[in-house]
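[1] Need coordinates for the below:
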Amino acid sequence: MGVLNLDWNIIWVLVNLLILYLLMRKFLFGPMTRFLDARAKKVADTLDQADSRLAQAEAQKTEYTQQLAAARGEAERIVENARKQADLAYSRRLEEAEQAVQRLNEQAARQREADRAAMLAEAKQEIAALVMLTTAKVSQRTLNGETDQAMLNAFLNEAGDES
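    Numbering: from 1, shown residues only. The predicted structure follows:
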């Protein structure tokens, strides 16, 4: 046997290595490859889900931001409406108060006029009574109630016509 010294031991070692390789390939490398592929797929799926959730969270954030802006705008509109209504109510109350003051002034003016008229009428009666008393003293005659009343009425009529 020359250069290639093939010994049965070497052949058996090669056969054993080949059998060991085939067994390892079938029972170790195959399941291990499937396990690693499944793990890689699971990681990829998890990353895809994370990306999807991140995109969904960003969309929700954008939606919430828009809703918040809309709510702020609505709040500003409500405040502005309330301010306008308060201004209108204030203006109405002020106008009502001015009208009440005007009515009170008119009432007071009417009352003053009525009081003045009553005072003038009373003054006319007192003046008439003094004139009659003076007339009676001048004429030296005693007047009775009917005569007094008739003269008083005539005097008042004449005095009323003059004023």
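[2] Every contact and neighbour count from this point should use C-alpha atoms.
    Noted.
[3] Would you mind finding the longest helix in the chain?
    If you go by DSSP state H, the chain has its longest helix at helix 30-139.
[4] helices or strands next to that helix in the packing?
    helix 145-162 (3 or more CA pairs under 8 Å, 6 or more residues apart in numbering; DSSP states H and E).
[5] Point out where this structure drops to low pLDDT.
    Residues of the chain that meet the criterion pLDDT under 70 lie in 1-6, 137-138, 140-145, 148, 159-163.
[6] So what's the residue count around Ala128?
    Neighbour count for Ala128, taken as other CA atoms under 10 Å: 19.
[7] wait, what's in contact with it?
    152, 155-156 (CA atoms under 8 Å, 6 or more residues apart in numbering).
[8] For PyMOL, write a command that selects the buried ones of the residues you listed.
    Per 16 or more other CA atoms under 10 Å, the buried members of the contacts of Ala128 correspond to this PyMOL selection:
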select buried, resi 152+155+156
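[9] any idea which of the contacts of Ala128 is closest to Leu94?
    Distance to Leu94 across these (CA to CA) is lowest for Leu156, with 48.0 Å.
[10] Report the contact partners of the closest one.
    124-125, 128.
[11] would you list the residues you listed in TSV and tack on distance to Ala118?
    Formatted as TSV, the contacts of Leu156 follow (distance: CA to CA, whole Å):
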residue	distance to Ala118
Lys124	10
Gln125	11
Ala128	15
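[12] Among those residues, which one lies nearest to Glu76?
    Lys124 (70.8 Å).
[13] For the closest one, which non-adjacent residue is closest in space?
    Leu156 (7.0 Å; CA to CA, 6 or more residues apart in numbering).
[14] how near is that neighbour to Thr65?
    Distance of Leu156 to Thr65, computed by CA to CA, to the nearest Å: 91 Å.
[15] any chance of the contacts of Ala128 in a markdown table, plus distance to Met132?
    Supplementary listing: the contacts of Ala128 in a markdown table, determined by distance: CA to CA, whole Å:
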| residue | distance to Met132 |
| --- | --- |
| Leu152 | 7 |
| Phe155 | 9 |
| Leu156 | 11 |
